[in-house]
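Trainee: everything below, folded, please.
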Amino acid sequence: MPEQNNQPTLPASQQQRLPLPLIILIAVNIIVVTTVGVFVMVSFQRTRLDDEFYQQCVKLKNEYRVDVEAGNVDIFCTKREWWQLNPKFPSPQIQYRQGVENVDELEKKRAGETKELNDRIVLLTQQIKSLELQNYDPQDIQPLNYYTALTTVDNLESQLKQKQIEKDGFIRNIEKVIATYPNPPAEFVNYLGSYKQKNIQQQNLLFPEITAKWEQAQTTWGKELAANKLSTSVSESNFLSFFSTIKPFTAQEFVELSNKKTGADTNISREDVQLFSSLAANQYVQQFASQQGYQFRAVYTGPLTEIQGERLQSDTANAFLAMQQAANADGISLSLTSGYRLVADQAELFKQRFIQNSTVFGGPFSDEQIATGLADAALAETLKTTSIPGKSKHHSGFTVDIGDGSVNSKIVAFADTKAYEWLAQYNFLNAKRFGFVPSYPAGVAQIGPNPEPWEYVWVGEEAVK
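Mentor: Down below sits the predicted model:
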């Protein structure tokens with residue numbers, strides 16, 4: 001018979017068990033391994049999401065050159081840093097999704113703004129090229145990114161502003177020419193009126209058209225004026241050149257231009273010259289003259305050139321001789337009646353004419369009578385044609401008095417002579433083409449003497465172009 005195992009069987013509760021410390025150790029290992037695994041998975045996922053978002057951020061920053069600062073987006077696109085700086089979301093996935101949405105939204109917005117800027121560049125370029133009278137093809141303009149387009153728009157707007165100033169000056173000059181010369185072409189005048197009714201952008205784009213129309217109208221109009229010109233020795237083509245290049249001036253502009261003329265070796269006179277014995281009489285005359293518009297003038301102290309018994313600065317002398325020769329070719333006799341005057345010479349001239357006028361207005365007058373206003377009528381009459389010393393344009397050496405050599409100046413006023421008509425026709429075109437402008441034209445008050453059709457100041461040919 002087989003041998004029986006007589007050892008007693010232990011109850012299940014008494015069978016061999018793992019020691020408790022071992023169980024604890026195993027449990028801890030499981031937890032550690034699980035934790036590490038989860039950490040590795042989360043870290044891997046975070047790194048992947050972080051890299052993806054970083055690329056999105058860098059793309060936006062590089063292409064659009066803007067700072068991305070939307071909720072959970074670090075403006076520097078620094079890896080990992082934005083996760084820690086913005087822990088408002090419960091998980092990296094939510095953070096990533098929200099970050100990408102913000103970047104996409106801003107990218108879409110920037111794309112729209114970039115298109116608007118590029119469209120603006122095309123329009124600005126078109127206007128600038130039109131104002132420069134240049135052709136261009138919009139397809140030649142390449143689209144720019146946001147930052148470059150923004151800077152380009154600023155630069156183009158600055159250029160356009162300057163071009164518009166030049167355009168406005170051109171239009172104002174056309175209007176002045178139309179207002180100055182007789183019988184302007186009606187068709188162009190009507191076109192100019194409609195042009196000015198348009199908005200600025202339309203005016204800019206139409207600038208080549210109005211420029212072409214003006215050149216055509218100016219040529220036709222100039223030929224009509226040339227047919228009636230007094231400068232018969234000037235060819236039609238030369239007249240058209242003068243007409244198109246020499247600027248028209250208002251009476252006030254003539255005065256301002258002649259007043260500004262100075263040169264080397266000149267100083268503005270600042271001293272009141274003693275005309276009478278008493279200080280009170282001198283002060284009264286100075287104040288009286290200032291109220292008439294007289295002002296201190298430049299006094300020339302350099303070398304002078306003598307022509308026809310008068311002294312002038314050399315450029316003025318040469319210009320007068322050239323103008324005199326041109327007038328002779330047209331059968332006009334221009335004579336030089338006065339040129340440079342010393343301050344002392346002007347003082348003697350003023351006193352001489354004041355004494356002459358005093359006999360007509362109840363004089364002679366004592367210094368006391370002058371100082372108390374009893375000689376005002378004689379003073380006013382003298383100042384109509386004669387400056388007090390220190391305030392005459394003849395001190396500059398640029399100023400001439402012109403007469404008509406074919407008539408007796410004591411009988412015929414210069415304004416009624418052929419010489420004046422020749423100088424003054426078409427806004428003093430013949431005088432201007434040699435650099436001379438009227439010193440005291442009609443139509444301006446408080447400038448000193450009454451209009452003096454015989455006095456001209458040489459300002460140079462460039463100053464009138």
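
Trainee: what's the spacing between the spatially closest residue to residue 464 that is not a sequence neighbour and residue 440?
Mentor: Leaving out its chain neighbours, the residue that sits closest to residue 464 by CB to CB, 6 or more residues apart in numbering is residue 432, at 4.5 Å. For glycine as for every other residue, the C-beta is placed from the backbone atoms N, C-alpha and C. Separation of residue 432 from residue 440 (CB to CB, to the nearest Å) stands at 16 Å.

Trainee: with residue 404 instead?
Mentor: Taking CB to CB as the measure, residue 404 and residue 440 are separated by 18 Å.

Trainee: again, but for residue 285
Mentor: Taking CB to CB, one finds residue 285 at 20 Å from residue 440.

Trainee: swap in residue 311?
Mentor: According to CB to CB, residue 311 and residue 440 sit 21 Å apart.

Trainee: residues of the helix or strand where residue 167 lies that come out buried?
Mentor: Using DSSP states H and E, residue 167 sits within helix 146-180. By 16 or more other CB atoms under 10 Å, the buried positions in helix 146-180 come out as 146-147, 149-150, 152-153, 156, 159-160, 163-164, 167, 171, 174, 176-178.

Trainee: packing partners for that helix?
Mentor: Secondary-structure packing of helix 146-180 (3 or more CB pairs under 8 Å, 6 or more residues apart in numbering; DSSP states H and E): helix 20-64, helix 92-131, helix 186-196, helix 200-205, helix 207-226.

Trainee: give me that answer again for 7 Å
Mentor: Contacts defined by 3 or more CB pairs under 7 Å, 6 or more residues apart in numbering; DSSP states H and E place helix 146-180 against helix 92-131.

Trainee: could you give the mean pLDDT of the helix it packs on?
Mentor: The average of the pLDDT scores along helix 92-131 is 77.

Trainee: now stretch 345-361
Mentor: Averaged across stretch 345-361, the pLDDT comes to 93.

Trainee: pull the helix or strand with minimum mean pLDDT from this structure.
Mentor: helix 81-85 (a mean of 45; mean pLDDT, DSSP states H and E).

Trainee: list the contacts of residue 456.
Mentor: Going by CB atoms under 7 Å, 6 or more residues apart in numbering, residue 456 touches 400, 402, 431, 436-439.

Trainee: mind running it again at 8 Å?
Mentor: Applying CB atoms under 8 Å, 6 or more residues apart in numbering to residue 456 gives the contacts 399-400, 402, 423, 431, 436-439.

Trainee: distance to residue 382 and pLDDT added to those residues, as a markdown table?
Mentor: Listed next are the contacts of residue 456 as a markdown table, based on distance: CB to CB, whole Å; pLDDT from 0 to 100:
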| residue | distance to residue 382 | pLDDT |
| --- | --- | --- |
| 399 | 19 | 95 |
| 400 | 21 | 97 |
| 402 | 22 | 96 |
| 423 | 26 | 97 |
| 431 | 27 | 97 |
| 436 | 26 | 97 |
| 437 | 25 | 97 |
| 438 | 21 | 96 |
| 439 | 18 | 94 |
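
Trainee: just the closest of those to residue 210, please.
Mentor: Checking the contacts of residue 456 against residue 210 with CB to CB, the nearest one is residue 437 at 28.8 Å.

Trainee: what about the closest residue to that closest one other than its chain neighbours, which SS state?
Mentor: In space, and not counting its chain neighbours, residue 437 is closest to residue 254: 5.0 Å by CB to CB, 6+ apart. At residue 254 the chain is in helix, as set by DSSP: H, G, I helix; E, B strand; the rest coil.

Trainee: okay, and residue 454 sits in which element?
Mentor: Following DSSP H and E, one finds residue 454 within strand 452-458.

Trainee: roughly how far is that strand from the heart of the chain?
Mentor: Here the centre of strand 452-458 is set off from its chain's centre by 31 Å, with CA atoms, centre = their mean, to the nearest Å.

Trainee: neighbour count for residue 311 and residue 440, which is higher?
Mentor: The neighbour comparison of residue 311 against residue 440 (other CB atoms under 10 Å) goes to residue 440, with 23 against 17.
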